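> Test case, fold it:
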Amino acid sequence: MPASCDARTELEEGGLTQVTTEGRRTMLNRDAVLLFVEDRPVLSSLQFSLAIEGLQVADGTADGIDPKVAAALVIDQTYLGDGVAALRDLRMLGCTVPAIVLATNPNSELRARSTAMCAELIEKPLLGDELSLAIHALLDIRKAA
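Numbering: from 1, shown residues only. Modelled structure (predicted):
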């Protein structure tokens, strides 16, 4: 997940500012939930539905985003071919942010790997507000800590 050399994230009062290669600035506070989903329509749908639930969400793969300062991560199991492995790589880089893995028909091995990465596993298809409730629970735990 290397960031472009022309994009950067700057710490500012109240949160992070993502500066894109075009010079646009996007403010992300420390309550931002980063989504790691390669399927663009699914990513857009999740961004929309979670924003309606009052969450600030962003594409975790966008240039200049640092997952280490997010409030939570949501990683689709199909991300980069193996979402749990992608989470493992983030963990190895020092990212201790709470995480949720989304998976269709997860087997016991995937459940064990998710648990080993301290990630909650939510089964797809997403029905109702299970994902937003899980994210809010993670954010409440993080704020209390």
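> Would you map the helices across the chain?
Secondary structure of the chain (DSSP state H): helices at 40-52, 83-92, 108-116, 130-144.
> Gln56 is in contact with Leu35, isn't it?
No. With contacts counted by CB atoms under 8 Å, Gln56 stays clear of Leu35, the gap being 11.2 Å. Every C-beta, even on glycine, is put in place using the N, C-alpha and C of the backbone.
> pLDDT wise, what is the residue nearest to Gly60 when sequence neighbours are not counted at?
In space, and not counting its chain neighbours, Gly60 is closest to Leu34: 3.4 Å by CB to CB, 6 or more residues apart in numbering. Note for Leu34: predicted pLDDT of 97.
> cool, Asn107 as well?
98.
> now swap in Ile122 and tell me
98.
> for Gly64, same thing?
Here the pLDDT value assigned to Gly64 is 84.
> Can you report how many residues lie near it?
Residues within reach of Gly64, counting by other CB atoms under 10 Å, total 19.
> quick one: low-confidence ranges for this structure?
Along the chain, segments meeting pLDDT under 70 span 1-30, 141-145.
> mind putting the helices of the chain in a markdown table, mean neighbour count included?
Below are the helices of the chain laid out as a markdown table (neighbours: other CB atoms under 10 Å):
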| stretch | mean neighbour count |
| --- | --- |
| helix 40-52 | 14 |
| helix 83-92 | 19 |
| helix 108-116 | 14 |
| helix 130-144 | 15 |
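> That concludes my questions; thank you for your assistance.
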